[in-house]
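A.B. asks: only geometry, no sequence info:
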């Protein structure tokens, strides 16, 4: 695919949700920009997850879809008109589900690439003009396999997240006011599915261990009210140097994760944001497969004590996550901190 002075190729990435999946898709944007520097590159994303893509250097445009857009005929038609008017040439449907496939189909693009079954599900494979049967294990590498259909066969993996000067200033000021210099660890107790949750008292024991053995303060981040209640339990039980984070936007949380020396969380958006920054991560995995969706890169450890073999991962039994012991997580933390110290 090449551009001319009269026509820049117009490419649309479709990854509507969720936060972690959007982060894990950013290498697709980086590779498209690297190989097609003259292209107009846009990304269709739902509003709840758009902030993570703000200021991304690979993108010319974000098409932000309102929450629930597919449930209302008025919103449905509005999205159709807006996307159709942009006249895209190529669609990369990374999500490959019905909603994302409809967005790609709205464009009328001659080339619409999606995953073949079983990675591509619902109506997505049938609305695509070209389908990719992935062979890689990790989802980042699978997502990049879609680009083989446009001639990109040796992709590099870069995430390209960016921080503004105002965001950096906010993070540094917040840490200073809390008495938190570097290094510090971050714990995120929340998760998108109940089946991914690990108990707050166990997180608190890990925080107390990091305080006592490694003299490392711990910052506990949270999103909604339920997560705040869990974070308060961890801060109360986790030792004198375990702190409750203030309310944050997604962008502010990203800045706090960028400066951390260690991140501990289950398979959720903040874990993948931290890994994309290069922060060493300990990922706690139960209903999802750490080999497929673990924090990407070599500076991370996945702790997975049991595998869930059922089809309904959102409803996996609590015993899957409870099989992860505090000692397992503390050992993983110790290993990453030791490796970081040796590298320094």
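C.D. replies: Sure thing, it's come through. Only a predicted model underlies this, so the values are computations on that prediction, with no experimental measurement involved. Numbering: from 1, shown residues only.

A.B. asks: buried stuff in stretch 39-55?
C.D. replies: Residues 39-46, 48-53 are the ones in stretch 39-55 that count as buried (16 or more other Cβ atoms under 10 Å). Where you see a C-beta, it was placed from the backbone N, CA and C, and this is true even at glycine.

A.B. asks: Ignore what I typed, I meant stretch 268-285.
C.D. replies: For stretch 268-285, burial by neighbour count (16+ other Cβ under 10 Å) applies to 268-277, 279-285.

A.B. asks: Kindly list the main-chain dihedrals of the closest residue to residue 75 other than its chain neighbours?
C.D. replies: Here the nearest residue to residue 75 in space, its sequence neighbours aside, is residue 69; by Cβ to Cβ, 6 or more residues apart in numbering that works out to 4.3 Å. Dihedral pair for residue 69: phi -60, psi -30, per degrees, to the nearest 10.

A.B. asks: tally of neighbours for residue 69?
C.D. replies: With neighbours defined by other Cβ atoms under 10 Å, the count for residue 69 comes to 19.

A.B. asks: Looks like it contacts residue 79 (just checking).
C.D. replies: Yes. Counting by Cβ atoms under 8 Å, a contact exists between residue 69 and residue 79, whose distance comes to 5.3 Å.

A.B. asks: which residue ranges form the helices in the stretch 151-300 of the chain?
C.D. replies: 165-177, 200-214, 225-237, 250-259, 269-277, 290-293 (DSSP state H, counting those that start in this stretch).

A.B. asks: mind checking which of those helices is nearest residue 148?
C.D. replies: Counting by Cβ to Cβ, residue 148 lies closest to helix 290-293 out of those; the figure is 19.2 Å.

A.B. asks: Now do the next helix or strand after that closest one: which elements does it pack against?
C.D. replies: Going down the chain from helix 290-293, the next helix or strand is strand 300-303, by DSSP states H and E. Helices and strands in packing contact with strand 300-303 are listed as strand 281-284, helix 290-293, helix 326-343; criterion 3 or more Cβ pairs under 8 Å, 6 or more residues apart in numbering; DSSP states H and E.

A.B. asks: Let's see that with 6 Å instead.
C.D. replies: In this structure, strand 300-303 makes packing contacts with strand 281-284, helix 326-343, judged by 3 or more Cβ pairs under 6 Å, 6 or more residues apart in numbering; DSSP states H and E.

A.B. asks: Between those, which one is closest to residue 10.
C.D. replies: Residue 10 sits nearest to strand 281-284 of all the helices and strands packed on strand 300-303, at 35.7 Å, using Cβ to Cβ.

A.B. asks: Neighbouring strands of that closest one in the sheet, and parallel or not?
C.D. replies: Looking at strand 281-284 with DSSP bridges, its partner strands are strand 262-266 (parallel), strand 300-303 (parallel).

A.B. asks: outside of the helix or strand hosting residue 113, which residues touch it?
C.D. replies: Using DSSP H and E, residue 113 sits within strand 111-115. Defining contact as Cβ atoms under 6 Å, 6 or more residues apart in numbering, one finds that strand 111-115 is touched by 90-93, 96, 104, 120, 124-125, 128-130, 132, 146, 149.

A.B. asks: can you tell me which of these are in helices?
C.D. replies: Here DSSP state H is the test, and those give 104, 124-125 as lying in helices.

A.B. asks: hmm, back to that, who wins for proximity to residue 74 among the helices of the stretch 151-300 of the chain?
C.D. replies: Distances from residue 74 to each of the helices of the stretch 151-300 of the chain were compared using Cβ to Cβ; the minimum, 27.7 Å, belongs to helix 250-259.

A.B. asks: Contacts for the closest one next, please.
C.D. replies: 51, 163, 167, 171, 221, 273-274, 277, 279.

A.B. asks: Output these in TSV; the columns should cover pLDDT.
C.D. replies: Converted to TSV, the contacts of helix 250-259 look like this (pLDDT from 0 to 100):
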residue	pLDDT
51	98
163	98
167	98
171	98
221	98
273	98
274	98
277	98
279	98
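
A.B. asks: Residue 64: which of these is nearest?
C.D. replies: Residue 64 has its nearest neighbour among those in residue 51, at 9.8 Å by Cβ to Cβ.
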